[in-house]
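K.L.:
Kindly generate the corresponding structure for this input.
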Amino acid sequence: MKGMMQVRGLLLLLALILLTATAEAGKNKKDKVKKSSSECEDWRWGPCIPNSKDCGLGYREGTCKDETKKLKCKIPCNWKKKFGADCKYKFESWGGCSVQTGVKTRSGILKKALYNAQCEEIVYVTKPCSSKIKSKSKAAKKGKGKD
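P.N.:
Numbering: from 1, shown residues only. Presented below is the predicted three-dimensional model:
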């Protein structure tokens with residue numbers, strides 16, 4: 001019994017030491033973050049500027065009083081590109097297909113503007129109507145070409 005109590009005591013002591021060491025390591029990480037962050041709170045951020053072409057990875061520059069910072073950013077390379085990466089919208093369902101134009105439309109309402117971005121309150125997006133007849137005719141043409 002005495003030996004079992006000593007083992008339990010030793011395990012408890014080791015667990016306590018490990019817990020203390022982990023807590024101290026966590027404090028040190030937090031301190032490092034505080035030291036590297038700026039005291040300034042009124043940052044003004046510019047637009048995301050892609051490294052090449054008109055989309056993809058890039059950077060944005062921010063200023064606050066006498067300080068300047070650069071942050072990595074990304075401009076989407078899909079249909080969202082025209083709104084920019086900093087304007088976030090909530091889109092409704094696609095509307096019906098317009099026979100005159102051959103496209104369907106949906107609108108998006110601004111949900112969030114990041115980095116002081118100037119965003120439109122409502123945006124509209126269009127896409128071509130998908131026609132089941134067209135896809136069947138494409139499949140039929142592919143089958144005929146193989147014979």
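K.L.:
Specify the next element, helix or strand, located C-terminal of the strand ranked longest in the chain.
P.N.:
For the chain, the strand with the greatest residue count under DSSP state E is strand 103-113. Using DSSP states H and E, the next helix or strand after strand 103-113 towards the C-terminus is strand 122-128.
K.L.:
quick check: angle from that following strand to strand 103-113?
P.N.:
150 degrees (axes from the mean of the first three to the mean of the last three Cα atoms, to 10 degrees).
K.L.:
Contacts for strand 122-128, please.
P.N.:
With contact meaning Cβ atoms under 8 Å, 6 or more residues apart in numbering, strand 122-128 is reached by 79, 83, 87, 89, 91, 94, 101-110. C-beta coordinates here come from the backbone N, C-alpha and C atoms, glycine included.
K.L.:
Quick one, which of these are buried?
P.N.:
Among these, those buried by neighbour count (16 or more other Cβ atoms under 10 Å) are 83, 87, 89, 104, 108, 110.
K.L.:
hang on, the fifth one packs against Ser93?
P.N.:
No. In terms of Cβ atoms under 8 Å, Gly108 does not count as a neighbour of Ser93; the distance is 11.4 Å.
K.L.:
In a strand, Glu39, correct?
P.N.:
No. Under DSSP: H, G, I helix; E, B strand; the rest coil, Glu39 sits outside any strand and is assigned coil.
K.L.:
Give me the below-cutoff pLDDT ranges for this protein.
P.N.:
Applying pLDDT under 70 to the chain flags the ranges 1-38, 131-147.
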